[in-house]
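[1] predicted coordinates and the sequence they were generated for:
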Amino acid sequence: MSATRVLVVADEPQIHGFLKPALTAGGYQVQIAKTGRGALKLIATTPFNIVFLDLDLSNMDGAKVLRKIRTYSKIPIIVLSARTQEAEKVQALDAGADDYLEKPCGIDELMARLRVALRHTAHERRDPAQISSGGLRVNFAKRSVTKNGVAVKLTPKEYDFLVMLARHAGRPLTHRQILTAVKGPDHRDNTQYLRVFIGQLRAKIEEDSSTPRLILTEHGVGYRFADLDP
């Protein structure tokens, strides 16, 4: 089997020196693009499996690069940035980023996010009939949910919210993404409505809803369904 091909889009030598050796040691085939335009050309012509994209590019804003990539490719993109404002995280995720890591980040966390993004892409291609995480099993064909083998009774809307999260396990979803998918664009800013349903879901599927392990809060951004199973 050929090695997973990773494109790193960054113009900082420190990032090259950090990422390339770590990814190569992990068995990945790594290529560097130092400009946004160069990255766009490479992605259009080379079959990469995943992209790490630094938002802080000198010649073209990384957010613009992200939007352009999404006009012709669904390749997984993990954004790297020193920008810590929640609004910029939301904008990147709404624009199509699969995940967001703040610089500096540890190599263990980066590699874990990489594996999750690749696993999520594989799940999308297979369109699995069910997803399991931490003892919770969601069977899409039967519209059933079990926790440690015991049936969990959800309302139709609770089930819809859970499916939206579970189908994107490991990936942060913004409030708008979740609400638009489940309730429609007219309700995309009704975050209080979403909090109510998330609270109801946690009460039914978490071992302890006060310290959730399955539905995690991305503060100021949205929620992430934990990908606990390998």
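    Sure thing, it's come through.

[2] contacting residues around the spatially most central residue of the chain?
    What sits nearest the mean C-alpha location of the chain, by CA atoms, centre = their mean, is Arg171, with 2.5 Å. Contacts for Arg171 (CB atoms under 8 Å, 6 or more residues apart in numbering) come out as Asp98, Asp99, Val116, Ala117, His120, Arg224, Phe225. Any C-beta I mention is one placed from the backbone N, CA and C, and that applies to glycine too.

[3] which strand or helix spans the closest residue to the third one other than its chain neighbours?
    By the measure of CB to CB, 6 or more residues apart in numbering, the closest residue to Val116 outside its immediate chain neighbours is Gly170, 3.5 Å from it. Under DSSP states H and E, no helix or strand contains Gly170.

[4] by mean pLDDT, which helix or strand of the chain comes out lowest?
    helix 107-126 (a mean of 82; mean pLDDT, DSSP states H and E).

[5] buried sites along the next helix or strand after that one?
    Sequence-wise, the next helix or strand downstream of helix 107-126 (DSSP H and E) is strand 130-133. By neighbour count on 16 or more other CB atoms under 10 Å, the buried set for strand 130-133 is Ile131, Ser133.

[6] check which helices and strands strand 130-133 sits against.
    strand 136-139 (3 or more CB pairs under 8 Å, 6 or more residues apart in numbering; DSSP states H and E).

[7] list the buried residues in the strand it packs on.
    Here strand 136-139 shows Leu136, Arg137, Val138 as buried, counting by 16+ other CB under 10 Å.

[8] low-confidence ranges in the chain?
    Across the chain, the ranges flagged by pLDDT under 70 are 1-2, 122-127, 228-230.

[9] give the bridge partners for the residue lying farthest from the centre of it, please.
    The outermost residue of the chain relative to its centre, with distances by CA atoms, centre = their mean, is Val150 at 28.6 Å. In this structure, Val150 bridges to Lys147 when assessed by DSSP bridges.

[10] could you say what helices and strands the least confident helix or strand of the chain packs with?
    Short answer (3+ CB pairs under 8 Å, 6+ apart): helix 107-126 packs on helix 13-25, strand 50-54, strand 77-81, strand 99-102.

[11] how far away from the center of its chain is that helix?
    In terms of CA atoms, centre = their mean, to the nearest Å, the centre of helix 107-126 is set 8 Å apart from its chain centre.

[12] got the buried residues for stretch 151-162?
    Quick answer for stretch 151-162 (16+ other CB under 10 Å): Val152, Leu154, Glu158, Tyr159, Asp160, Phe161, Leu162.

[13] now the end-to-end length of that stretch.
    In stretch 151-162, first residue to last residue: 15 Å (CA to CA, to the nearest Å).

[14] contacts for it, please.
    136, 138, 143-146, 178, 182, 194, 197-198, 200-201, 204-205.

[15] got it, and stretch 185-201?
    154-155, 157-158, 161-162, 175-176, 178-180, 183, 209, 215, 223.

[16] again, but for stretch 131-139
    Contact with stretch 131-139 is made by 123, 129-130, 140, 144-148, 152, 162-163, 166-167, 169, 205, 213-214, 225-229, as judged by CB under 8 Å, 6+ apart.
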